[in-house]
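1. dropping the sequence and predicted coords here.
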Number of protein chains: 2
Amino acid sequence: MIRMNKRYEIELIGFDADDTLWENENIFHDAQKQISKVLENHNYNFNRELFNIEKKNLEYYGYGIKGFILSLIETSLKISNKKLDNQIIKEILDLGKKMLSKKVKVLPNIKTTLEALSKNYNLVLITKGDLLDQEKKIYSSELSKYFSYIEIVSHKNEKTYMKILEKYNIKPKNFLMIGNSLKSDVLPVTNIGGMSFYIPFELTWELEKVEVDQMSTNYVQLENISEILTRLKSLEI
Amino acid sequence: MIRMNKRYEIELIGFDADDTLWENENIFHDAQKQISKVLENHNYNFNRELFNIEKKNLEYYGYGIKGFILSLIETSLKISNKKLDNQIIKEILDLGKKMLSKKVKVLPNIKTTLEALSKNYNLVLITKGDLLDQEKKIYSSELSKYFSYIEIVSHKNEKTYMKILEKYNIKPKNFLMIGNSLKSDVLPVTNIGGMSFYIPFELTWELEKVEVDQMSTNYVQLENISEILTRLKSLEI
(Lines give C-alpha, C1' and ligand atoms only; values in the text may rest on other atoms or scores of the structure.)
Protein backbone atom coordinates (compact mmCIF):
# COMPACT_ATOMS: atom_id res chain seq x y z
CA MET A 1 0.00 0.00 0.00
CA ILE A 2 1.48 3.31 -1.01
CA ARG A 3 0.49 6.91 -1.17
CA MET A 4 0.27 8.07 -4.74
CA ASN A 5 2.21 11.15 -5.68
CA LYS A 6 1.96 11.03 -9.44
CA ARG A 7 -1.01 12.34 -11.31
CA TYR A 8 -2.83 9.54 -13.07
CA GLU A 9 -5.07 9.96 -16.04
CA ILE A 10 -7.30 6.96 -16.08
CA GLU A 11 -9.01 6.34 -19.42
CA LEU A 12 -10.22 2.80 -18.91
CA ILE A 13 -11.17 0.95 -15.74
CA GLY A 14 -11.16 -2.84 -15.69
CA PHE A 15 -13.22 -4.84 -13.23
CA ASP A 16 -12.76 -8.44 -12.29
CA ALA A 17 -16.10 -10.21 -11.83
CA ASP A 18 -15.97 -13.28 -9.54
CA ASP A 19 -15.60 -12.14 -5.91
CA THR A 20 -15.26 -8.53 -7.03
CA LEU A 21 -18.72 -7.83 -8.46
CA TRP A 22 -20.46 -10.92 -7.13
CA GLU A 23 -19.93 -13.83 -4.78
CA ASN A 24 -18.16 -16.84 -6.24
CA GLU A 25 -15.50 -18.52 -4.15
CA ASN A 26 -17.96 -19.44 -1.40
CA ILE A 27 -19.96 -21.47 -3.93
CA PHE A 28 -16.87 -23.58 -4.64
CA HIS A 29 -15.99 -23.61 -0.96
CA ASP A 30 -19.43 -24.85 0.06
CA ALA A 31 -19.42 -27.52 -2.65
CA GLN A 32 -16.00 -28.74 -1.55
CA LYS A 33 -17.13 -28.84 2.08
CA GLN A 34 -20.25 -30.76 1.18
CA ILE A 35 -18.41 -33.47 -0.75
CA SER A 36 -15.56 -33.59 1.74
CA LYS A 37 -18.15 -34.20 4.46
CA VAL A 38 -19.71 -37.06 2.54
CA LEU A 39 -16.28 -38.57 1.96
CA GLU A 40 -15.13 -38.08 5.54
CA ASN A 41 -18.12 -40.10 6.55
CA HIS A 42 -16.33 -42.77 4.58
CA ASN A 43 -13.07 -41.96 6.34
CA TYR A 44 -11.53 -40.06 3.48
CA ASN A 45 -9.83 -36.71 3.73
CA PHE A 46 -9.29 -34.82 0.59
CA ASN A 47 -8.66 -31.08 0.68
CA ARG A 48 -4.94 -31.28 -0.04
CA GLU A 49 -5.43 -33.90 -2.75
CA LEU A 50 -8.10 -31.78 -4.45
CA PHE A 51 -5.76 -28.81 -4.50
CA ASN A 52 -3.00 -30.87 -6.13
CA ILE A 53 -5.32 -32.38 -8.70
CA GLU A 54 -6.92 -29.03 -9.56
CA LYS A 55 -3.49 -27.50 -10.05
CA LYS A 56 -2.36 -30.36 -12.28
CA ASN A 57 -5.59 -30.23 -14.28
CA LEU A 58 -5.54 -26.48 -14.94
CA GLU A 59 -3.70 -26.98 -18.23
CA TYR A 60 -6.48 -29.27 -19.44
CA TYR A 61 -9.60 -27.74 -17.98
CA GLY A 62 -8.76 -24.08 -17.41
CA TYR A 63 -10.82 -22.20 -14.82
CA GLY A 64 -14.47 -22.72 -14.01
CA ILE A 65 -17.06 -25.02 -12.55
CA LYS A 66 -16.90 -27.83 -15.12
CA GLY A 67 -13.19 -28.35 -14.53
CA PHE A 68 -13.75 -28.14 -10.78
CA ILE A 69 -16.36 -30.90 -10.94
CA LEU A 70 -14.14 -33.12 -13.08
CA SER A 71 -11.31 -32.61 -10.58
CA LEU A 72 -13.67 -33.30 -7.70
CA ILE A 73 -14.61 -36.65 -9.25
CA GLU A 74 -10.97 -37.50 -9.92
CA THR A 75 -10.02 -36.64 -6.34
CA SER A 76 -12.85 -38.68 -4.88
CA LEU A 77 -11.91 -41.70 -6.99
CA LYS A 78 -8.28 -41.43 -6.00
CA ILE A 79 -8.82 -40.92 -2.32
CA SER A 80 -11.31 -43.76 -2.06
CA ASN A 81 -8.90 -46.03 -3.85
CA LYS A 82 -11.46 -46.48 -6.60
CA LYS A 83 -14.01 -47.85 -4.18
CA LEU A 84 -16.30 -44.87 -4.43
CA ASP A 85 -20.03 -45.45 -4.27
CA ASN A 86 -21.67 -44.46 -7.60
CA GLN A 87 -24.19 -42.43 -5.62
CA ILE A 88 -21.45 -40.03 -4.52
CA ILE A 89 -20.39 -39.45 -8.13
CA LYS A 90 -24.00 -38.74 -9.00
CA GLU A 91 -24.11 -36.25 -6.11
CA ILE A 92 -21.01 -34.49 -7.42
CA LEU A 93 -22.55 -34.19 -10.90
CA ASP A 94 -25.77 -32.82 -9.41
CA LEU A 95 -23.80 -30.38 -7.31
CA GLY A 96 -22.07 -29.11 -10.47
CA LYS A 97 -25.39 -28.41 -12.12
CA LYS A 98 -26.61 -26.68 -8.99
CA MET A 99 -23.49 -24.50 -8.99
CA LEU A 100 -23.98 -23.71 -12.68
CA SER A 101 -27.55 -22.60 -12.15
CA LYS A 102 -27.02 -20.66 -8.95
CA LYS A 103 -28.39 -17.14 -9.05
CA VAL A 104 -25.68 -14.50 -8.92
CA LYS A 105 -25.38 -12.55 -5.67
CA VAL A 106 -24.09 -9.08 -6.50
CA LEU A 107 -21.92 -7.69 -3.68
CA PRO A 108 -22.96 -4.58 -1.69
CA ASN A 109 -22.36 -1.11 -3.17
CA ILE A 110 -21.45 -2.50 -6.60
CA LYS A 111 -24.40 -1.14 -8.50
CA THR A 112 -24.11 2.45 -7.25
CA THR A 113 -20.35 2.48 -7.70
CA LEU A 114 -20.53 1.19 -11.27
CA GLU A 115 -23.32 3.60 -12.06
CA ALA A 116 -21.28 6.56 -10.84
CA LEU A 117 -18.05 5.42 -12.51
CA SER A 118 -19.65 4.65 -15.85
CA LYS A 119 -20.68 8.29 -16.20
CA ASN A 120 -17.06 9.40 -16.41
CA TYR A 121 -15.10 6.36 -17.53
CA ASN A 122 -15.21 3.50 -19.96
CA LEU A 123 -15.49 0.33 -17.94
CA VAL A 124 -14.38 -3.11 -19.10
CA LEU A 125 -15.32 -6.33 -17.35
CA ILE A 126 -12.47 -8.86 -17.50
CA THR A 127 -13.25 -12.32 -16.22
CA LYS A 128 -11.96 -15.85 -16.59
CA GLY A 129 -13.82 -19.16 -16.36
CA ASP A 130 -16.31 -21.16 -18.40
CA LEU A 131 -17.60 -19.05 -21.28
CA LEU A 132 -21.29 -19.93 -21.01
CA ASP A 133 -21.27 -19.75 -17.21
CA GLN A 134 -19.64 -16.32 -17.17
CA GLU A 135 -22.07 -15.02 -19.80
CA LYS A 136 -25.01 -16.25 -17.74
CA LYS A 137 -23.66 -14.60 -14.61
CA ILE A 138 -23.07 -11.30 -16.40
CA TYR A 139 -26.60 -11.42 -17.76
CA SER A 140 -28.24 -12.35 -14.48
CA SER A 141 -26.24 -9.73 -12.54
CA GLU A 142 -27.91 -6.98 -14.60
CA LEU A 143 -24.61 -5.11 -14.46
CA SER A 144 -23.62 -5.37 -18.12
CA LYS A 145 -25.22 -2.01 -18.92
CA TYR A 146 -22.44 -0.26 -17.04
CA PHE A 147 -19.68 -1.81 -19.12
CA SER A 148 -18.47 -0.57 -22.50
CA TYR A 149 -16.71 -3.86 -23.13
CA ILE A 150 -16.79 -7.39 -21.80
CA GLU A 151 -13.82 -9.74 -22.07
CA ILE A 152 -14.07 -13.39 -21.07
CA VAL A 153 -10.56 -14.80 -21.11
CA SER A 154 -8.88 -18.12 -20.38
CA HIS A 155 -5.99 -16.65 -18.35
CA LYS A 156 -5.28 -13.32 -16.74
CA ASN A 157 -1.63 -12.66 -17.28
CA GLU A 158 0.46 -9.79 -18.63
CA LYS A 159 -0.16 -10.90 -22.21
CA THR A 160 -3.92 -10.94 -21.71
CA TYR A 161 -3.98 -7.40 -20.39
CA MET A 162 -1.60 -6.13 -23.08
CA LYS A 163 -3.85 -7.60 -25.76
CA ILE A 164 -6.97 -6.02 -24.28
CA LEU A 165 -5.31 -2.61 -23.93
CA GLU A 166 -4.01 -2.76 -27.50
CA LYS A 167 -7.47 -3.65 -28.73
CA TYR A 168 -8.97 -0.55 -27.13
CA ASN A 169 -5.93 1.59 -27.84
CA ILE A 170 -5.19 2.39 -24.21
CA LYS A 171 -1.71 2.85 -22.73
CA PRO A 172 -1.04 0.80 -19.58
CA LYS A 173 -0.43 3.96 -17.55
CA ASN A 174 -3.98 5.06 -18.38
CA PHE A 175 -5.49 1.78 -17.20
CA LEU A 176 -6.76 0.93 -13.75
CA MET A 177 -7.71 -2.65 -12.86
CA ILE A 178 -9.89 -3.45 -9.86
CA GLY A 179 -10.19 -6.93 -8.40
CA ASN A 180 -9.81 -9.34 -5.51
CA SER A 181 -6.90 -11.39 -6.79
CA LEU A 182 -3.31 -10.24 -6.46
CA LYS A 183 -2.28 -12.95 -8.89
CA SER A 184 -4.82 -12.29 -11.63
CA ASP A 185 -6.02 -8.72 -11.23
CA VAL A 186 -3.21 -6.81 -9.59
CA LEU A 187 0.30 -8.10 -10.37
CA PRO A 188 -0.01 -8.65 -14.14
CA VAL A 189 -1.42 -5.14 -14.49
CA THR A 190 1.15 -3.38 -12.35
CA ASN A 191 3.86 -5.44 -14.09
CA ILE A 192 2.96 -3.89 -17.43
CA GLY A 193 2.83 -0.37 -15.98
CA GLY A 194 -0.84 -0.10 -15.10
CA MET A 195 -2.47 0.84 -11.84
CA SER A 196 -4.51 -1.43 -9.63
CA PHE A 197 -6.96 -1.30 -6.74
CA TYR A 198 -6.88 -4.51 -4.76
CA ILE A 199 -10.08 -5.30 -2.84
CA PRO A 200 -9.68 -8.65 -1.05
CA PHE A 201 -12.68 -10.91 -0.70
CA GLU A 202 -13.35 -12.92 2.46
CA LEU A 203 -12.16 -16.11 0.72
CA THR A 204 -9.29 -16.64 -1.69
CA TRP A 205 -8.94 -19.78 -3.76
CA GLU A 206 -5.73 -21.63 -2.95
CA LEU A 207 -4.55 -21.35 -6.56
CA GLU A 208 -4.96 -17.57 -6.58
CA LYS A 209 -2.70 -17.05 -3.59
CA VAL A 210 0.73 -15.49 -4.13
CA GLU A 211 3.80 -15.04 -1.98
CA VAL A 212 4.44 -11.60 -0.52
CA ASP A 213 7.87 -11.21 -2.12
CA GLN A 214 6.32 -11.40 -5.57
CA MET A 215 4.27 -8.34 -4.81
CA SER A 216 4.67 -5.14 -6.69
CA THR A 217 3.99 -1.94 -4.83
CA ASN A 218 2.07 -0.05 -7.45
CA TYR A 219 -1.36 -0.88 -6.13
CA VAL A 220 -3.72 0.45 -3.53
CA GLN A 221 -5.57 -1.85 -1.19
CA LEU A 222 -9.15 -0.89 -0.46
CA GLU A 223 -11.44 -2.34 2.16
CA ASN A 224 -14.60 -1.70 0.26
CA ILE A 225 -15.69 -1.03 -3.29
CA SER A 226 -17.35 2.22 -2.23
CA GLU A 227 -13.88 3.69 -1.60
CA ILE A 228 -13.12 3.55 -5.33
CA LEU A 229 -14.64 6.93 -6.16
CA THR A 230 -12.73 8.91 -3.56
CA ARG A 231 -9.50 7.02 -4.19
CA LEU A 232 -9.79 7.63 -7.88
CA LYS A 233 -10.29 11.33 -7.33
CA SER A 234 -7.21 11.52 -5.13
CA LEU A 235 -5.17 9.77 -7.83
CA GLU A 236 -6.18 12.23 -10.45
CA ILE A 237 -5.59 15.46 -8.55
CA MET B 1 -28.31 -25.25 -53.74
CA ILE B 2 -29.15 -22.37 -56.02
CA ARG B 3 -27.55 -20.45 -58.79
CA MET B 4 -26.79 -16.93 -57.70
CA ASN B 5 -28.05 -14.11 -59.84
CA LYS B 6 -27.42 -11.16 -57.60
CA ARG B 7 -24.07 -9.51 -57.35
CA TYR B 8 -22.61 -9.91 -53.89
CA GLU B 9 -20.02 -7.65 -52.37
CA ILE B 10 -18.40 -9.66 -49.64
CA GLU B 11 -16.51 -7.56 -47.08
CA LEU B 12 -16.05 -10.10 -44.34
CA ILE B 13 -15.78 -13.89 -44.50
CA GLY B 14 -16.51 -15.95 -41.42
CA PHE B 15 -15.11 -19.44 -40.93
CA ASP B 16 -16.32 -22.06 -38.55
CA ALA B 17 -13.43 -24.01 -37.01
CA ASP B 18 -14.35 -27.52 -35.76
CA ASP B 19 -14.87 -29.82 -38.78
CA THR B 20 -14.41 -26.91 -41.16
CA LEU B 21 -10.76 -26.00 -40.58
CA TRP B 22 -9.76 -29.07 -38.62
CA GLU B 23 -11.07 -32.47 -37.59
CA ASN B 24 -13.21 -32.54 -34.47
CA GLU B 25 -16.35 -34.68 -34.53
CA ASN B 26 -14.38 -37.88 -35.07
CA ILE B 27 -12.55 -37.26 -31.78
CA PHE B 28 -15.91 -37.25 -29.96
CA HIS B 29 -17.13 -40.13 -32.08
CA ASP B 30 -14.09 -42.27 -31.29
CA ALA B 31 -14.35 -41.48 -27.58
CA GLN B 32 -18.02 -42.39 -27.54
CA LYS B 33 -17.30 -45.65 -29.36
CA GLN B 34 -14.50 -46.51 -26.98
CA ILE B 35 -16.62 -46.04 -23.85
CA SER B 36 -19.68 -47.63 -25.42
CA LYS B 37 -17.54 -50.66 -26.20
CA VAL B 38 -16.35 -50.92 -22.60
CA LEU B 39 -19.93 -50.61 -21.38
CA GLU B 40 -21.33 -53.05 -23.89
CA ASN B 41 -18.87 -55.55 -22.53
CA HIS B 42 -20.91 -55.06 -19.41
CA ASN B 43 -24.13 -55.44 -21.36
CA TYR B 44 -24.99 -51.77 -21.46
CA ASN B 45 -26.02 -49.86 -24.53
CA PHE B 46 -25.91 -46.17 -24.37
CA ASN B 47 -25.82 -44.11 -27.57
CA ARG B 48 -29.43 -42.95 -27.36
CA GLU B 49 -29.17 -42.22 -23.66
CA LEU B 50 -26.00 -40.17 -24.19
CA PHE B 51 -27.75 -38.10 -26.84
CA ASN B 52 -30.66 -37.36 -24.49
CA ILE B 53 -28.40 -36.49 -21.58
CA GLU B 54 -26.14 -34.27 -23.71
CA LYS B 55 -29.17 -32.42 -25.02
CA LYS B 56 -30.58 -31.90 -21.54
CA ASN B 57 -27.19 -30.80 -20.21
CA LEU B 58 -26.48 -28.22 -22.93
CA GLU B 59 -28.06 -25.45 -20.87
CA TYR B 60 -25.65 -26.20 -18.01
CA TYR B 61 -22.45 -27.16 -19.78
CA GLY B 62 -22.65 -25.52 -23.20
CA TYR B 63 -20.55 -27.00 -25.99
CA GLY B 64 -17.15 -28.63 -25.65
CA ILE B 65 -15.18 -31.55 -24.32
CA LYS B 66 -15.61 -30.91 -20.59
CA GLY B 67 -19.39 -30.99 -20.87
CA PHE B 68 -19.17 -34.07 -23.08
CA ILE B 69 -17.12 -35.90 -20.46
CA LEU B 70 -19.50 -34.93 -17.66
CA SER B 71 -22.41 -36.17 -19.76
CA LEU B 72 -20.52 -39.35 -20.56
CA ILE B 73 -20.06 -40.06 -16.85
CA GLU B 74 -23.72 -39.28 -16.14
CA THR B 75 -24.85 -41.58 -18.95
CA SER B 76 -22.61 -44.41 -17.81
CA LEU B 77 -23.87 -44.13 -14.23
CA LYS B 78 -27.47 -44.12 -15.36
CA ILE B 79 -27.22 -46.97 -17.81
CA SER B 80 -25.33 -49.16 -15.37
CA ASN B 81 -27.94 -48.50 -12.74
CA LYS B 82 -25.24 -46.95 -10.57
CA LYS B 83 -23.24 -50.14 -10.54
CA LEU B 84 -20.43 -48.74 -12.63
CA ASP B 85 -16.91 -49.88 -11.87
CA ASN B 86 -14.78 -46.93 -10.66
CA GLN B 87 -12.15 -47.93 -13.16
CA ILE B 88 -14.47 -47.01 -16.05
CA ILE B 89 -15.06 -43.55 -14.59
CA LYS B 90 -11.32 -43.12 -14.32
CA GLU B 91 -11.01 -44.17 -17.97
CA ILE B 92 -13.60 -41.59 -19.01
CA LEU B 93 -11.70 -38.85 -17.15
CA ASP B 94 -8.44 -39.93 -18.80
CA LEU B 95 -10.14 -39.99 -22.17
CA GLY B 96 -11.27 -36.39 -21.63
CA LYS B 97 -7.71 -35.26 -20.94
CA LYS B 98 -6.52 -37.13 -23.99
CA MET B 99 -9.16 -35.38 -26.11
CA LEU B 100 -8.17 -32.03 -24.63
CA SER B 101 -4.51 -32.52 -25.50
CA LYS B 102 -5.00 -34.02 -28.93
CA LYS B 103 -3.00 -32.30 -31.64
CA VAL B 104 -5.17 -30.47 -34.14
CA LYS B 105 -5.41 -32.05 -37.60
CA VAL B 106 -5.95 -29.28 -40.12
CA LEU B 107 -8.09 -30.45 -43.06
CA PRO B 108 -6.69 -30.61 -46.63
CA ASN B 109 -6.48 -27.40 -48.72
CA ILE B 110 -7.28 -25.17 -45.74
CA LYS B 111 -3.95 -23.43 -45.50
CA THR B 112 -3.68 -22.47 -49.18
CA THR B 113 -7.33 -21.38 -49.32
CA LEU B 114 -7.03 -19.17 -46.25
CA GLU B 115 -3.77 -17.75 -47.51
CA ALA B 116 -5.33 -16.78 -50.84
CA LEU B 117 -8.53 -15.41 -49.28
CA SER B 118 -6.78 -13.38 -46.62
CA LYS B 119 -5.07 -11.31 -49.32
CA ASN B 120 -8.37 -9.86 -50.48
CA TYR B 121 -10.75 -10.22 -47.56
CA ASN B 122 -10.93 -9.79 -43.83
CA LEU B 123 -11.45 -13.21 -42.31
CA VAL B 124 -13.06 -13.90 -38.95
CA LEU B 125 -12.93 -17.24 -37.18
CA ILE B 126 -16.17 -17.94 -35.30
CA THR B 127 -16.17 -21.01 -33.09
CA LYS B 128 -18.06 -22.36 -30.10
CA GLY B 129 -16.89 -24.66 -27.32
CA ASP B 130 -14.62 -24.52 -24.30
CA LEU B 131 -12.68 -21.25 -24.28
CA LEU B 132 -9.26 -22.64 -23.35
CA ASP B 133 -9.61 -25.66 -25.63
CA GLN B 134 -10.58 -23.55 -28.64
CA GLU B 135 -7.71 -21.14 -27.98
CA LYS B 136 -5.27 -24.04 -27.82
CA LYS B 137 -6.58 -25.49 -31.08
CA ILE B 138 -6.37 -22.14 -32.85
CA TYR B 139 -2.81 -21.73 -31.63
CA SER B 140 -1.69 -25.23 -32.54
CA SER B 141 -3.35 -25.07 -35.99
CA GLU B 142 -1.02 -22.18 -36.91
CA LEU B 143 -3.90 -20.69 -38.87
CA SER B 144 -4.55 -17.64 -36.71
CA LYS B 145 -2.29 -15.45 -38.85
CA TYR B 146 -4.87 -15.56 -41.65
CA PHE B 147 -7.64 -14.16 -39.48
CA SER B 148 -8.26 -10.50 -38.73
CA TYR B 149 -10.53 -11.43 -35.85
CA ILE B 150 -11.24 -14.43 -33.68
CA GLU B 151 -14.56 -14.92 -31.91
CA ILE B 152 -15.10 -17.74 -29.43
CA VAL B 153 -18.79 -17.80 -28.60
CA SER B 154 -21.12 -19.89 -26.44
CA HIS B 155 -23.86 -20.23 -29.08
CA LYS B 156 -24.09 -19.63 -32.80
CA ASN B 157 -27.50 -18.16 -33.40
CA GLU B 158 -28.87 -15.12 -35.22
CA LYS B 159 -28.12 -12.88 -32.24
CA THR B 160 -24.50 -14.01 -32.11
CA TYR B 161 -23.91 -13.21 -35.76
CA MET B 162 -25.73 -9.87 -35.52
CA LYS B 163 -23.54 -8.87 -32.60
CA ILE B 164 -20.35 -9.82 -34.41
CA LEU B 165 -21.37 -7.96 -37.58
CA GLU B 166 -22.32 -4.87 -35.58
CA LYS B 167 -18.98 -4.98 -33.82
CA TYR B 168 -17.09 -4.91 -37.11
CA ASN B 169 -19.58 -2.61 -38.77
CA ILE B 170 -20.52 -5.03 -41.55
CA LYS B 171 -23.98 -5.35 -43.10
CA PRO B 172 -25.35 -8.93 -43.24
CA LYS B 173 -25.53 -8.78 -47.04
CA ASN B 174 -21.78 -8.17 -47.13
CA PHE B 175 -21.03 -11.18 -44.94
CA LEU B 176 -20.28 -14.72 -46.04
CA MET B 177 -20.12 -17.54 -43.50
CA ILE B 178 -18.44 -20.86 -44.30
CA GLY B 179 -18.95 -23.97 -42.21
CA ASN B 180 -20.03 -27.57 -41.88
CA SER B 181 -23.15 -27.09 -39.77
CA LEU B 182 -26.47 -26.07 -41.28
CA LYS B 183 -27.75 -25.34 -37.80
CA SER B 184 -24.86 -23.21 -36.54
CA ASP B 185 -23.05 -21.83 -39.58
CA VAL B 186 -25.62 -21.64 -42.36
CA LEU B 187 -29.21 -21.03 -41.21
CA PRO B 188 -28.64 -18.29 -38.60
CA VAL B 189 -26.56 -16.37 -41.16
CA THR B 190 -28.97 -16.71 -44.07
CA ASN B 191 -31.83 -15.89 -41.67
CA ILE B 192 -30.33 -12.46 -41.00
CA GLY B 193 -29.70 -11.80 -44.69
CA GLY B 194 -26.14 -13.06 -45.03
CA MET B 195 -24.69 -15.53 -47.48
CA SER B 196 -23.34 -18.95 -46.63
CA PHE B 197 -21.20 -21.70 -48.10
CA TYR B 198 -22.08 -25.06 -46.59
CA ILE B 199 -19.29 -27.66 -46.69
CA PRO B 200 -20.49 -30.86 -44.99
CA PHE B 201 -18.01 -32.92 -43.02
CA GLU B 202 -18.05 -36.73 -43.05
CA LEU B 203 -19.63 -36.78 -39.59
CA THR B 204 -22.31 -34.56 -38.08
CA TRP B 205 -23.03 -34.46 -34.37
CA GLU B 206 -26.59 -35.53 -33.61
CA LEU B 207 -27.35 -32.19 -31.96
CA GLU B 208 -26.22 -30.21 -35.02
CA LYS B 209 -28.62 -31.98 -37.35
CA VAL B 210 -31.64 -30.07 -38.68
CA GLU B 211 -34.76 -31.03 -40.56
CA VAL B 212 -34.91 -30.29 -44.27
CA ASP B 213 -38.04 -28.15 -44.01
CA GLN B 214 -36.19 -25.68 -41.79
CA MET B 215 -33.69 -25.03 -44.52
CA SER B 216 -33.28 -21.68 -46.13
CA THR B 217 -32.23 -21.63 -49.76
CA ASN B 218 -29.73 -18.80 -49.66
CA TYR B 219 -26.67 -20.96 -49.37
CA VAL B 220 -24.35 -22.81 -51.68
CA GLN B 221 -23.21 -26.32 -50.90
CA LEU B 222 -19.60 -27.07 -51.75
CA GLU B 223 -17.91 -30.43 -51.78
CA ASN B 224 -14.50 -29.11 -50.92
CA ILE B 225 -12.96 -26.03 -49.38
CA SER B 226 -10.83 -25.45 -52.48
CA GLU B 227 -14.01 -24.54 -54.41
CA ILE B 228 -14.42 -21.41 -52.26
CA LEU B 229 -12.23 -19.19 -54.43
CA THR B 230 -13.99 -19.90 -57.72
CA ARG B 231 -17.43 -19.82 -56.12
CA LEU B 232 -16.66 -16.50 -54.53
CA LYS B 233 -15.55 -15.05 -57.86
CA SER B 234 -18.74 -16.20 -59.55
CA LEU B 235 -20.78 -14.55 -56.80
CA GLU B 236 -19.10 -11.23 -57.26
CA ILE B 237 -19.27 -10.97 -61.04
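-> Thanks, I have it. In this text the structure is predicted, and so the values were computed from the model without any measurement. Residues are numbered from 1 along each chain as shown, chains lettered A, B, ... in the order given.

2. show me where chain A has its helices.
-> Taking DSSP state H to define them, one finds helices in chain A at A:25-41, A:47-61, A:65-79, A:86-100, A:110-120, A:131-141, A:158-167, A:187-191, A:228-236.

3. residues contacting the residue of chain A positioned farthest from its centre?
-> If you look at how far each residue of chain A sits from its centre, by C-alpha atoms, centre = their mean, the farthest one is A:Lys83, at 34.5 Å. Listed by C-beta atoms under 8 Å, 6 or more residues apart in numbering or on different chains, the contact set of A:Lys83 reads B:Asn86. From N, CA and C alone the C-beta is placed, and that goes for glycine too.

4. then the one 4 residues further on?
-> In this structure, A:Gln87 makes contact with B:Lys82, judged by C-beta under 8 Å, 6+ apart.

5. quick check: A:Leu70 vs chain B, distance?
-> Using C-beta to the nearest C-beta, to the nearest Å, A:Leu70 is found at 6 Å from chain B.

6. quick one: contacts for that residue?
-> Applying C-beta under 8 Å, 6+ apart, the residues contacting A:Leu70 are A:57, A:61, B:66, B:69-70, B:93, B:96.

7. look up how far A:Leu203 lies from it.
-> A:Leu70 sits 22 Å away from A:Leu203, taking C-beta to C-beta, to the nearest Å as the criterion.

8. do the same with A:Lys97
-> A:Lys97 sits 22 Å away from A:Leu203, going by C-beta to C-beta.

9. do the same with A:Ser148
-> Plainly put, A:Ser148 is 30 Å away from A:Leu203 if you go by C-beta to C-beta.

10. A:Glu9 now?
-> For A:Glu9, the distance to A:Leu203 (C-beta to C-beta) stands at 34 Å.

11. the more surrounded of these two?
-> Ranked by neighbour count (other C-beta atoms under 10 Å in any protein chain shown), A:Glu9 and A:Leu203 place A:Leu203 first, with 14 against 9.

12. for the more buried one, what are its contacts?
-> Residues counted as contacts of A:Leu203 (C-beta under 8 Å, 6+ apart) are A:19, A:25-26, A:29.

13. and the lowest-mean-pLDDT helix or strand in chain A, what does it pack onto?
-> Scoring the helices and strands of chain A by mean pLDDT, DSSP states H and E places helix A:228-236 at the bottom, with a mean of 85. When contacts are defined as 3 or more C-beta pairs under 8 Å, 6 or more residues apart in numbering or on different chains; DSSP states H and E, helix A:228-236 sits against helix A:110-120, strand A:195-198.

14. what about the longest strand in chain A?
-> strand A:122-128 (DSSP state E).

15. who touches that one?
-> Contacts for strand A:122-128 (C-beta under 8 Å, 6+ apart): A:11-18, A:21, A:62-64, A:114, A:117, A:134, A:138, A:143-144, A:146-156, A:160-161, A:164, A:168, A:177, A:184.

16. kindly supply the ChimeraX command isolating those of those residues that are buried.
-> To isolate the buried ones among the contacts of strand A:122-128 in ChimeraX, judged by 16 or more other C-beta atoms under 10 Å in any protein chain shown, type:
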select /A:11,12,13,14,15,16,17,18,21,62,63,64,114,117,134,138,143,146,147,151,152,153,154,155,156,160,161,164,177,184
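
17. the contacts of strand A:122-128 also near chain B: which ones?
-> Among those, proximity to chain B is found for A:62, A:152-154 (C-beta under 8 Å from any C-beta of the partner chain).

18. what is the nearest of those residues to chain B?
-> Among those, A:Gly62 lies closest to chain B (C-beta to the nearest C-beta), at 3.4 Å.

19. what about the closest residue to the closest one other than its chain neighbours, neighbour count?
-> Computed as C-beta to C-beta, 6 or more residues apart in numbering or on different chains, the closest residue to A:Gly62 that is not its neighbour in sequence is B:Leu132, at 3.4 Å. Neighbour count for B:Leu132, taken as other C-beta under 10 Å: 26.

20. any idea how far B:Lys167 is from B:Leu132?
-> For B:Leu132 relative to B:Lys167 (C-beta to C-beta), the value is 22 Å.

21. and chain A, which of its residues are near chain B?
-> Contact residues (C-beta under 8 Å from any C-beta) of chain A with chain B: A:57, A:60-62, A:66-67, A:69-70, A:73-74, A:77, A:80, A:82-84, A:86-87, A:89-90, A:93, A:96-97, A:100-101, A:130-133, A:135, A:152-154.

22. and stretch A:192-203, what's buried?
-> Within stretch A:192-203, the residues that count as buried by 16+ other C-beta under 10 Å are A:192, A:194-199, A:201.

23. could you dump those to a markdown table with distance to B:Ser234 and pLDDT?
-> Output for the buried residues of stretch A:192-203, formatted as a markdown table (distance: C-beta to C-beta, whole Å; pLDDT from 0 to 100):
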| residue | distance to B:Ser234 | pLDDT |
| --- | --- | --- |
| A:Ile192 | 48 | 95 |
| A:Gly194 | 50 | 94 |
| A:Met195 | 55 | 93 |
| A:Ser196 | 55 | 94 |
| A:Phe197 | 57 | 95 |
| A:Tyr198 | 59 | 94 |
| A:Ile199 | 58 | 94 |
| A:Phe201 | 59 | 87 |
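
24. next, the contact list for A:Lys98, please.
-> Residues in contact with A:Lys98 (C-beta under 8 Å, 6+ apart): none are found.

25. rerun that using 10 Å as the cut-off
-> Contacts for A:Lys98 (C-beta atoms under 10 Å, 6 or more residues apart in numbering or on different chains) come out as A:27, A:31, A:34, A:65, B:60.
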